[in-house]
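Trainee: sequence and predicted model, in that order:
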There are 2 protein chains.
Amino acid sequence: KKVVLKKGETLIRPGEKVCNFYYLNTGCINYYKIVEGAVSVLEFYTEDVFFTDLYAYVLNKPATSFLEATEDTVVYTINKTDVEHCFRKSHQLERFGRLSMQDAFVRTFTRVERLNNKTNEERYLRLLRKRPGLFQRVPQYLIASYLGLTPVGLSKIKKRLVKNG
Amino acid sequence: KKVVLKKGETLIRPGEKVCNFYYLNTGCINYYKIVEGAVSVLEFYTEDVFFTDLYAYVLNKPATSFLEATEDTVVYTINKTDVEHCFRKSHQLERFGRLSMQDAFVRTFTRVERLNNKTNEERYLRLLRKRPGLFQRVPQYLIASYLGLTPVGLSKIKKRLVKNG
DNA sequence: CCATTTTATTAAACCTGTTTAACGATTTGG
DNA sequence: CCAAATCGTTAAACAGGTTTAATAAAATGG
């Protein structure tokens, strides 16, 4: 089922039930939460990825996060009860679900490792390398938040990099 | 299959194939890697948990980490090919595997959130609260590493907390 | 097209943790 | 039981962030 979002509109807000998986066709979704009054970005979803508030989704808890379009965005939704039904019915799909969850785990695990072992500067350069397009479509203060920095901090890192080559 | 480890012995070392899951009966296992010459602790496993180098295990890659006993430890091993065989044979077990992987994902995800939103001091206090026993059995420099700190840094945090109540 | 809002940068003061080194205290093994 | 190694704390100099505030630049919308 197709859903079209204008910039600033949300798929999920804190407190809501998370009963869908999504596939992002075009646009960009900011997965973030409000922590002590400030935005804290968890992830940016762009073209051709599956996503949802996976934490709330798997735990069957109300969302604590936002899924918000940072630009006009088109997603397709997949109902959770349908997914669950398929898993029950088919061993193959259950297996696919397990392997997908493995992927999610591995991605999150490597992120923990980066947070523990890499500097902010290294993480910034990595993001620049891995997702250069992001910097053209998402404001820098959100990218700063994603990197666990303030806008001022990210500005300083950029300045330092220019200075030192 | 029961395996007894003396303090300092390892279940897994970098480069080795990870072909087992483990259940920790008694003792403590330090899951760590060497990053730029220094120990970087990922997790401590203690009584009654399942564990392995899950990253290498699921990706079928050689280990990059150590699983090392920080004290005399007893674990039971479960062979990976047996596990895989069970998953193929039983939809129920496949499902259990998926849900277990969900758990692993959720734990890792909440850790990313803590790394992004909590201070070192808050993470230290949380560890003290959640796993007080750990501080009696693991040297402080390993706990510092687990928290992403140097031993000196952790010492300072403790000092500050004593001072300010 | 202008006024307003949003975003990025800079500076200054500050805070927290690092690095290096020294010093005790404790543990360990021969 | 002693010698050696390990471990925790401290100090001093430093590095890399934050906070606050001011300013400049760019985007937005009426």
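Mentor: Here it is on my side, so go on.

Trainee: just the strands in chain A please.
Mentor: With strands called from DSSP state E, chain A shows them at A:2-5, A:10-12, A:20-26, A:29-35, A:38-45, A:49-51, A:66-69, A:73-79.

Trainee: quick one: work out the angle between the last one and strand A:20-26.
Mentor: Taking axes from the mean of the first three to the mean of the last three C-alpha atoms, to 10 degrees, strand A:73-79 and strand A:20-26 form an angle of 150 degrees between their directions.

Trainee: by contact count, what packs against strand A:73-79?
Mentor: On a contact count with 3 or more C-beta pairs under 8 Å, 6 or more residues apart in numbering or on different chains; DSSP states H and E, strand A:73-79 meets strand A:2-5, strand A:20-26. From N, CA and C alone the C-beta is placed, and that goes for glycine too.

Trainee: what's the most buried one of the strands of chain A?
Mentor: Mean neighbour counts were compared across the strands of chain A using mean count of other C-beta atoms under 10 Å in any protein chain shown; the top stretch is strand A:66-69, at a mean of 22.

Trainee: partner strands of that strand, with direction?
Mentor: Using DSSP bridges, the neighbouring strands of strand A:66-69 in the sheet come out as strand A:10-12 (antiparallel), strand A:29-35 (antiparallel).

Trainee: residue nearest the middle of chain A, spatially speaking?
Mentor: Taking C-alpha atoms, centre = their mean, the centroid of chain A lies closest to A:E43, which sits 2.7 Å from it.

Trainee: who are the contact partners of that one?
Mentor: With contact set as C-beta atoms under 8 Å, 6 or more residues apart in numbering or on different chains, A:E43 has these partners: A:31, A:51, A:146.

Trainee: tell me the one of the residues you listed nearest DNA strand C?
Mentor: Lowest distance from DNA strand C to the contacts of A:E43 (C-beta to the nearest atom of the strand) belongs to A:Y146, with 12.1 Å.

Trainee: which ones are touching A:V74?
Mentor: A:2-5, A:24-27.

Trainee: could I get those as a markdown table with distance to DNA strand C?
Mentor: Rendered in a markdown table, the data for the contacts of A:V74 read as follows (distance: C-beta to the nearest atom of the strand, whole Å):
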| residue | distance to DNA strand C |
| --- | --- |
| A:K2 | 27 |
| A:V3 | 23 |
| A:V4 | 21 |
| A:L5 | 17 |
| A:L24 | 20 |
| A:N25 | 23 |
| A:T26 | 20 |
| A:G27 | 16 |
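
Trainee: and the closest residue in space to A:T46 that isn't next to it in sequence, its phi and psi?
Mentor: Of all residues not flanking A:T46 in the chain, A:C28 sits nearest, at 5.2 Å (C-beta to C-beta, 6 or more residues apart in numbering or on different chains). Per-residue torsions, A:C28: phi -150, psi 130 (degrees, to the nearest 10).

Trainee: run through chain A and note the low-pLDDT ranges.
Mentor: Low-confidence segments of chain A, defined by pLDDT under 70, span residues A:165.

Trainee: chain neighbours aside, what residue packs nearest to the closest residue to DNA strand D within it?
Mentor: Relative to DNA strand D, the nearest point of chain A is A:G153 (2.0 Å; C-beta to the nearest atom of the strand). Nearest in space to A:G153, with sequence neighbours left out and distances taken as C-beta to C-beta, 6+ apart, is A:A144 at 6.6 Å.
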